[in-house]
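> pasted the sequence and its predicted model underneath.
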Amino acid sequence: MFDPREKIAMFIDGANLYATSRSLGFDIDYRKLLASFQKRAYLLRAYYYTALVEDQEYSSIRPLIDWLDYNGYKVVTKPAKEFTDSTGRRKIKGNMDIELTIDALELVDVVDHYVIFSGDGDFRTLVEALQRKGRKVSIVSTIQSQPPMISDELRRQADHFIDLATLQTEVGRDPSERPARRPDPTDIDQDDTE
């Protein structure tokens, strides 16, 4: 699946990867994740995309973002949008699909193999565009959750599908290493995988 001579780039839809690993019952160790793909080929870049709630005094994702930024990841953020739904509940929405897509297309002349960590069906068109340029695309998500975290269309379009469950021993965090978590009062709403 990977050729050690390839230049690869990782594109991580942060909220989607978090939801996928959570559905499988483990946390990602981002140091191990980076090392795992550095062993497979020449890792040119590793991007991590997430929306942030700007007005919060403390965001549970801030320590992760800071760590990633200093440890080999290119972190791409934008402010999340706040709105009130039809039932009057406060909702937060932060979709990073456009940012991920533009960054991926800008690297098409230097990346041989794209590794996209998302099951969002909206990325099917991006995968198709990259393939037309002669690039390989692997998608990392899971079919082992109920419902599956990857859209069928995206899985069919990809050159390779890697089930995150098969990477658990390689990139999962040991539960004893888990820091105490503060409750996060907001959930950033992402688009469905369909």
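Arrived safely.
> mind giving me the packing neighbours of the helix or strand hosting residue 50?
In the assignment (DSSP states H and E), residue 50 maps to strand 42-52. Contacts defined by 3 or more Cβ pairs under 8 Å, 6 or more residues apart in numbering; DSSP states H and E place strand 42-52 against strand 7-13, helix 14-24, helix 30-40, helix 62-70, strand 74-79, helix 97-106. The C-beta positions use only the backbone N, C-alpha and C, and glycine is treated the same way.
> now with 7 Å?
Contacts defined by 3 or more Cβ pairs under 7 Å, 6 or more residues apart in numbering; DSSP states H and E place strand 42-52 against strand 7-13, helix 14-24, strand 74-79, helix 97-106.
> can you list those in JSON lines and add distance to residue 160, mean pLDDT and mean neighbour count?
Listed next are the helices and strands packed on strand 42-52 as JSON lines, based on distance: least, Cβ to Cβ, whole Å; pLDDT from 0 to 100; neighbours: other Cβ atoms under 10 Å:
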{"stretch": "strand 7-13", "distance to residue 160": "12", "mean pLDDT": "98", "mean neighbour count": "23"}
{"stretch": "helix 14-24", "distance to residue 160": "17", "mean pLDDT": "95", "mean neighbour count": "21"}
{"stretch": "strand 74-79", "distance to residue 160": "23", "mean pLDDT": "94", "mean neighbour count": "16"}
{"stretch": "helix 97-106", "distance to residue 160": "16", "mean pLDDT": "97", "mean neighbour count": "16"}
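> quick check: which of those is nearest to residue 45?
Among those, the nearest to residue 45 by Cβ to Cβ is strand 7-13 (4.5 Å).
> compute the inter-axis angle for the closest one and strand 74-79.
30 degrees (axes from the mean of the first three to the mean of the last three Cα atoms, to 10 degrees).
> quick one: contacts of strand 7-13?
37, 41-49, 96, 100, 104, 107, 110-118, 120 (Cβ atoms under 7 Å, 6 or more residues apart in numbering).
> sketch out the low-pLDDT regions of the chain for me.
For the chain, applying pLDDT under 70 flags the ranges 55-58, 175-194.
> let's see it at 80
54-60, 90-93, 174-194 (pLDDT under 80).
> sorry, back to before: so which of the helices and strands packed on strand 42-52 comes closest to residue 89?
Set against residue 89 and scored by Cβ to Cβ, these come closest in helix 14-24, at 18.6 Å.
> quick one, the closest one and strand 7-13 angle?
With the same axes, to 10 degrees applied, the angle from helix 14-24 to strand 7-13 works out at 80 degrees.
> so which elements touch helix 14-24?
Helices and strands touching helix 14-24, by 3+ Cβ pairs under 7 Å, 6+ apart, are strand 42-52.
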